[in-house]
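J.: dropping a prediction and its sequence here:
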Amino acid sequence: NLPFSWESLLPDFPKGPLCKYRKKASFNWKEMAVLLDGKDIIQLKNRIFSALESDPLFVHHPGEELSREKYQELTFLRCKRLFEYDFLTQQEIIENPLKIFHMVLCIGMYDWSPCIQYLLHFLNCASYLLEFIINTPDFEAAKFWIGNMGKHATHAVVYAQLYTPDGQYQGLHSFLVQIRDIKTLLPIPGVVVGDIGKKIGQNGLDNGFAMFHNVRIPKENILNIAGDVTAEGKYSSSVKDVKERFSAALGSLSSGRTVITAVSMTNLKLALSIAIRFSAVRCQFGPTDDEEIPVLEYQTQQWRLLPYLAATYALDYFCKSLFENLTEFYLGLLTKQRSQRQADIGREIHALCAASKPLTSWTAQQAAQECREACGGHGYLAMNRLGEIRNDNDPNCTYEGDNNVLLQQTSNYLMSWMHCIRDKVPFESPFGTINVLQDYHHILDWKFTAMSVEDCMDSSVPLAAYKWLVCYLLRESDLKLSKEKQSGRSDFEAKNNCQVYYCRSLAIAFIEQTVLQRYHDYTHDPDIPSTLQPVLKNLSALYGLWSLSKHLAVLYQGGYASGEQAGRFIQNAILELCYRLKDDAVALVDVFAPPDFILNSPIGKANGELYKNIWGEVLQGSKTLNRPSWWTEFCINRPVAGRLKSKL
Ligand SMILES: CC(C)(COP(=O)(O)OP(=O)(O)OC[C@H]1O[C@@H](n2cnc3c(N)ncnc32)[C@H](O)[C@@H]1OP(=O)(O)O)[C@@H](O)C(=O)NCCC(=O)NCCSC(=O)/C=C/CCCCCCCCCCCCC(=O)O
Ligand SMILES: Cc1cc2nc3c(=O)[nH]c(=O)nc-3n(C[C@H](O)[C@H](O)[C@H](O)COP(=O)(O)OP(=O)(O)OC[C@H]3O[C@@H](n4cnc5c(N)ncnc54)[C@H](O)[C@@H]3O)c2cc1C
């Protein structure tokens, strides 16, 4: 019973082999799309997708190998065009900042290279408006990997150690430094700048290096987030402590990590759209010799893909909520809030995104590989895009902070609450993500109590287990750290020896619990339409149980679970949920899959005409039917076997 306007916003899919599954779905995919995104966002997505589809600059080149140079040029032209489209007015952004988030992800669904190039220009121009001298002390201190710097950036935001004329060290600060002439693109005197070479993915985007030798920049070019310097060279800062200034200087990294969390989640959407549509139409083997069934009917295929589908829904919700948290933080910064709450928000967001980036980028990396294999040989064909998705997702695990290093930031934050727990001092965090620790002592006594598989079919079961897991890992990490220190290890060594199985696991369990808590609350909200709630609850339960199943050893080790049944119930519940969700799977990807032009994968097309789509693409290759240019080497210049064999 959707109003007519919804129908025009979300046109029906073409008829074809996927209809069989679409008819079996327990819910209406359009109603779900409207619930998750709302009319405004769907309109924005349509606007962006159709602009790209109708623009000749964005046309795909099937069967054509672009050189890196050409791809970089095309990426730059596309980036310029994105500025020309200017998809969002300032007013729209102010009214709903979430639109920026959706705009970025829509462009990224097409190709991450122009998207990230655009974003780096857009954010650096938008968010940053002495007479300092910039120097690179040695080769190891060179700036390396910098996005857009390889070929074309004219200005860079450079993080550098600040020394004032009195010789005092003032900590890390950021400066706007011109690196190339804006008319000629030649380097500014004193700057050595260049391209770092081919990468595993995202090759449309140029990444560069730079070294500075006595490069003078105007005094105004200090980006005075944490401090400023007067004309007389005197340093001033509202933040007195160097360490706090360091945090403030790094604070801006939280926005990058939040965006990367969403970029990775979007890669999950792309990979799953392809793999699930493929699995629903690709038939192999069957109960009888003359009946082949779609590979989606196999338990293994369901178990390999559907938990990632559930993860996509849970992480999609989490990303939006994290972006809202970040918006609140930036509103505080813009209105120059100096309250304790503002500082606490900064710390909590830092802890959240330092773990959500690892969780989401790793999940997407594993999913992309699983989807690639789940599509068999066709998954390995470059035109089907799973390799590109996997390789373009890969650096999400590294940039804006290596995942393993970042997890330490989250566990540090969690460990910092131990003194409140020990001293029984009341505490809470602005977004409530650590409030679970208020019941730490009580939760540590909890046990797994489900008596049947059916009992486990709601996300409240894995959620309770996660709360225990977080408290348990916090206790164990804290004990381990104390033991290390007591045995005479330095702070550095002690901390280092507490990472594997302790702090690292703690940070992962914490973020999984937080994602699940938010998604559980959302899916169990009485305002969710009753037509959609059952499938959403199944997704929440599957995400929770599947994630939890990776921690089974610790649940037993710490005494939360005992006996054979607990593990068996969890495993059987996962399989049962996969089975229940398999008929909804196609409709669930229809909700988030971009149009065919954007998805750009013959096996992932919405019509499900697998073979027609592959053949259509194969035959478009300009040289598909040609004999090779080196055909004479095969037919005429035949090798004389053994001609070069040593006679000695
Ligand atoms: C902090 C480190 C991990 C470790 O340093 P260390 O010296 O050990 O410091 P600590 O003692 O642990 O911490 C000191 C205190 O500071 C607090 N802290 C640290 N970070 C933050 C933060 N972000 N916010 C708030 N507070 C912070 C910390 O909690 C401590 O406080 P306390 O003592 O506990 O109270 C450090 O090594 C580190 O951060 N390393 C990672 C470095 C990094 O991330 N580099 C990024 C380089 S830029 C990059 O990679 C760019 C890639 C471009 C690709 C982008 C693609 C996606 C699109 C995104 C678009 C976003 C655009 C953003 C623009 C841009 O980045 O240029
Ligand atoms: C595609 C791409 C684009 C980038 N763009 C930019 C950009 O625009 N601007 C910019 O400034 N930077 C950029 N970077 C650099 C990026 O920020 C860094 O690569 C990233 O922060 C990781 O640092 P690193 O490379 O020095 O790794 P390293 O710190 O050398 O890490 C190497 C390994 O050692 C491990 N390790 C390091 N320290 C510890 C520790 N304390 N405990 C345990 N293990 C540890 C890490 O887990 C990692 O596996 C980009 C990188 C990539 C790949």
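T.: Received the coordinates, thanks. Ligands and ions are numbered 1, 2, ... in the order given.
J.: for the closest residue to residue 190 other than its chain neighbours, name its beta-bridge partners.
T.: If the residues on either side of it in the chain are set aside, residue 190 comes closest to residue 215, at 4.1 Å by CB to CB, 6 or more residues apart in numbering. Placement of C-beta: from N, CA and C, glycine included. With DSSP bridges applied, the residues forming beta bridges to residue 215 are residue 134.
J.: what residues are up against the residue of the stretch 401-550 of the chain found nearest ligand 2?
T.: For the stretch 401-550 of the chain, the residue closest to ligand 2 is residue 404, as judged by CB to the nearest ligand atom, at 3.7 Å. With contacts defined as CB atoms under 8 Å, 6 or more residues apart in numbering, residue 404 is in contact with 358, 504.
J.: just the pLDDT for it.
T.: pLDDT for residue 404: 98.
J.: do a quick rundown of the strands in the stretch 451-600 of the chain.
T.: Read by DSSP state E, counting those that start in this stretch, the stretch 451-600 of the chain holds no strands at all.
J.: same thing with the stretch 251-400 of the chain?
T.: So, for the stretch 251-400 of the chain - with DSSP E, counting those that start in this stretch - the strands run 283-288, 291-294.
J.: returning to what we had before: give me the distance between the residue nearest to residue 190 and ligand 2.
T.: 17 Å (CB to the nearest ligand atom, to the nearest Å).
J.: break the protein down into its domains, please.
T.: Residue ranges for each domain of the chain read 128-250, 251-401+584-617, 435-573, as given by automatic domain parsing.
J.: if I look at residue 83, how far off is residue 107?
T.: The gap separating residue 83 from residue 107 is 12 Å, by CB to CB, to the nearest Å.
J.: who's more crowded, these two?
T.: Set residue 83 next to residue 107 and count neighbours by other CB atoms under 10 Å: residue 107 wins out with 26 against 11.
J.: ok, and the closest non-adjacent residue to that one?
T.: Nearest to residue 107 is residue 115, by CB to CB, 6+ apart, at 4.2 Å.
J.: in contact with the residue nearest the centre of the chain, which residues?
T.: Closest to where the C-alpha atoms of the chain average out (CA atoms, centre = their mean) is residue 264, at 2.3 Å. By CB under 8 Å, 6+ apart, residue 264 lies in contact with 357, 360-361, 363-364, 393, 396.
J.: for residue 382, same thing?
T.: Contacts of residue 382 by CB under 8 Å, 6+ apart are residue 388.
J.: quick one: it from residue 615, how far?
T.: 16 Å.
J.: for residue 112, same thing?
T.: From residue 112 to residue 615 the distance is 28 Å (CB to CB).
J.: which residues of the chain score low on pLDDT?
T.: Scanning the chain with the threshold set as pLDDT under 70 gives 1-5, 124-130, 225-226, 240.
J.: overlap in contacts of residue 83 and residue 107?
T.: Joint contacts of residue 83 and residue 107 (CB under 8 Å, 6+ apart) are residue 118.
J.: hmm, who's touching the helix or strand containing residue 422?
T.: For residue 422, the host element (DSSP states H and E) is helix 418-423. Applying CB under 8 Å, 6+ apart, the contact partners of helix 418-423 are 425-427, 437, 440-441, 474, 478.
J.: buried subset of those residues, written for PyMOL?
T.: Typed into PyMOL, the next command selects the buried ones out of these (criterion: 16 or more other CB atoms under 10 Å):
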select buried, resi 437+440+474+478
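J.: report the contact partners of the residue nearest to residue 190.
T.: 133-135, 177, 188-191.
J.: so which of the residues you listed comes closest to ligand 1?
T.: Looking across those and measuring by CB to the nearest ligand atom, the closest to ligand 1 is residue 177, at 13.2 Å.
J.: pretty sure that closest one sits in a strand.
T.: Yes. Under DSSP: H, G, I helix; E, B strand; the rest coil, residue 177 falls within a strand.
J.: beta-bridge partners for it, please?
T.: Going by DSSP bridges, residue 177 forms beta bridges with residue 156.
J.: how far out from the middle of the chain is stretch 278-286?
T.: 30 Å (CA atoms, centre = their mean, to the nearest Å).
J.: first vs last residue of it, how far apart are they?
T.: Separation of the first and last residues of stretch 278-286 by CA to CA, to the nearest Å is 17 Å.
J.: show me the contact partners of that stretch.
T.: Residues contacting stretch 278-286 (CB under 8 Å, 6+ apart): 17-18, 20-21, 292-296, 301, 305, 374-376, 378-379, 585-586, 603-604, 608, 610.
J.: please pick the buried ones from the residues you listed.
T.: For the contacts of stretch 278-286, buried by 16+ other CB under 10 Å: 17-18, 21, 294-296, 301, 305, 374-375, 378-379, 585-586, 603-604, 608, 610.
J.: which ones, among the residues you listed, also lie beside ligand 2?
T.: For ligand 2, no contacts are drawn from the buried ones among the contacts of stretch 278-286 by CB under 6 Å from any ligand atom.
J.: circling back: higher neighbour count, residue 112 and residue 615?
T.: A count of neighbours by other CB under 10 Å puts residue 112 above the other of residue 112 and residue 615, at 26 against 12.
J.: check contacts around that one.
T.: 201-202, 205, 263, 392.
J.: same check, this time on residue 103
T.: Contacts of residue 103 (CB under 8 Å, 6+ apart): 44, 48, 87-88.
J.: how far away is residue 30 from residue 581?
T.: In terms of CB to CB, residue 30 sits 19 Å off from residue 581.
J.: neighbour count winner among the two?
T.: Neighbours were counted for residue 30 and for residue 581 using other CB under 10 Å; residue 581 has more, 22 against 19.
J.: related to what we said a few turns ago, near ligand 2 too, which of the contacts of residue 264?
T.: Applying CB under 6 Å from any ligand atom to the contacts of residue 264, none is adjacent to ligand 2.
J.: residues in contact with stretch 589-600?
T.: Here stretch 589-600 has contacts from 13, 22, 29, 32-33, 36, 45, 49, 52-53, 60, 106, 109-110, 269-270, 272-274, 276-277, 309, 312, 316, 385, 604-606, using CB under 8 Å, 6+ apart.
J.: from the residues you listed, list just the buried residues.
T.: 13, 22, 29, 32-33, 36, 45, 49, 52, 106, 109-110, 269-270, 272-274, 276-277, 309, 312, 316, 385, 604-606.
J.: do you know how far residue 232 is from ligand 1?
T.: Taking CB to the nearest ligand atom, one finds residue 232 at 30 Å from ligand 1.
J.: let me know how buried that residue is, in neighbour terms.
T.: 6.
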